[in-house]
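Visitor: how would this look folded up:
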Amino acid sequence: MHSSSLRGSDFKITQDGEGIPHADLFSSFQDTDRLGIVVPRRLEGIGAMTLIMAYVTAFYDRYRERGPEFYAYPDFFTFQREAPCADYGMFDIWPNHKNVHVPNDARKTAEAINGRGVNVLLVPDNDPREVAISPAERESARRNVQRCFAYSGSGTAASSDLVIECRSELLRDYALSVLDSVPADDSVLEERRQWEARMAGETLRQTFRKSDLDDALRRL
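Guide: Have a look, this model is predicted:
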């Protein structure tokens, strides 16, 4: 709940080329909404950090509207294909059981997403492919998932409709905590070096592409 210190004013948001206040973008968000992000190799979720934390801030905004005292965490999830799972607790994806290990299988990934009632789905901006998802699971996703975004593990999607910026100092420790939660082999150390370089500047800028559900499912 440490990230409840963030406020909408900490984010600069551009949607479809126009600036938009955080409160306007998240005006319809409810504290019961559930976000899920598919993370193939544990660490790519950092590339969606600004969007996730903007959603987390919207969650706490709903509580702040009721009063100053509360203790709550959003029902947000990562769906990771490598074990052990990275810990996104500093993103307020907590307790740790919300970091969900899923096999490299689109059908089982869709089942895990639907089973947790995800409303906002973030998927890697990878090459789409035909996936074997049952009609029942597709229909379940259509009932629940209201918004989809494609993100890049580097933080820069191939094309973007949504740009979110935040001061690097506010998010640096969050990113490094995820990197520090997995064994520090050569690839992890290289990821850490890259993220330290990306966050060395004053502002972290990440981009996202709005997606429809069928496109998102082809990227599971």
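Visitor: from here on, contacts and neighbour counts on C-alpha atoms
Guide: Noted.
Visitor: ranges for the strands of the chain?
Guide: Counting by DSSP state E, the segments of the chain that form strands are 11-15, 18-19, 35-39, 77-80, 99-101, 120-124, 147-151, 162-167, 203-211.
Visitor: Using JSON lines, lay out these together with mean pLDDT and mean neighbour count.
Guide: JSON lines is the format used below for the strands of the chain (pLDDT from 0 to 100; neighbours: other CA atoms under 10 Å):
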{"stretch": "strand 11-15", "mean pLDDT": "97", "mean neighbour count": "20"}
{"stretch": "strand 18-19", "mean pLDDT": "96", "mean neighbour count": "12"}
{"stretch": "strand 35-39", "mean pLDDT": "98", "mean neighbour count": "26"}
{"stretch": "strand 77-80", "mean pLDDT": "98", "mean neighbour count": "26"}
{"stretch": "strand 99-101", "mean pLDDT": "98", "mean neighbour count": "22"}
{"stretch": "strand 120-124", "mean pLDDT": "97", "mean neighbour count": "24"}
{"stretch": "strand 147-151", "mean pLDDT": "97", "mean neighbour count": "25"}
{"stretch": "strand 162-167", "mean pLDDT": "98", "mean neighbour count": "20"}
{"stretch": "strand 203-211", "mean pLDDT": "97", "mean neighbour count": "21"}
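Visitor: Kindly present the ones you listed as CSV, with separate columns for distance to L51.
Guide: Below are the strands of the chain laid out as CSV (distance: least, CA to CA, whole Å):
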stretch, distance to L51
strand 11-15, 9
strand 18-19, 15
strand 35-39, 11
strand 77-80, 14
strand 99-101, 17
strand 120-124, 9
strand 147-151, 9
strand 162-167, 7
strand 203-211, 8
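Visitor: Between these, which one is closest to D92.
Guide: strand 77-80 (9.6 Å; CA to CA).
Visitor: From the chain's centroid, how far away is that closest one?
Guide: For strand 77-80, the separation from the chain centroid amounts to 9 Å (computed by CA atoms, centre = their mean, to the nearest Å).
Visitor: quick one on the thing from earlier: so for A175, which of the strands of the chain sits nearest?
Guide: strand 203-211 (11.3 Å).
Visitor: Out of the strands of the chain, which gets nearest to D61?
Guide: Per CA to CA, nearest to D61 of the strands of the chain: strand 11-15, 13.7 Å.
Visitor: Show me what the closest one is in contact with.
Guide: Contacts with strand 11-15, where a contact means CA atoms under 8 Å, 6 or more residues apart in numbering, come from 19-22, 54, 161-167.
Visitor: Could I get those residues in CSV, plus columns for distance to D33?
Guide: Shown next, in CSV, are the contacts of strand 11-15 (distance: CA to CA, whole Å):
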residue, distance to D33
G19, 24
I20, 21
P21, 20
H22, 17
A54, 13
D161, 22
L162, 20
V163, 21
I164, 20
E165, 23
C166, 23
R167, 26
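Visitor: Could you work out the most separated pair of those?
Guide: Using CA to CA, the two most remote members of these are D161 and R167, lying 20.5 Å apart.
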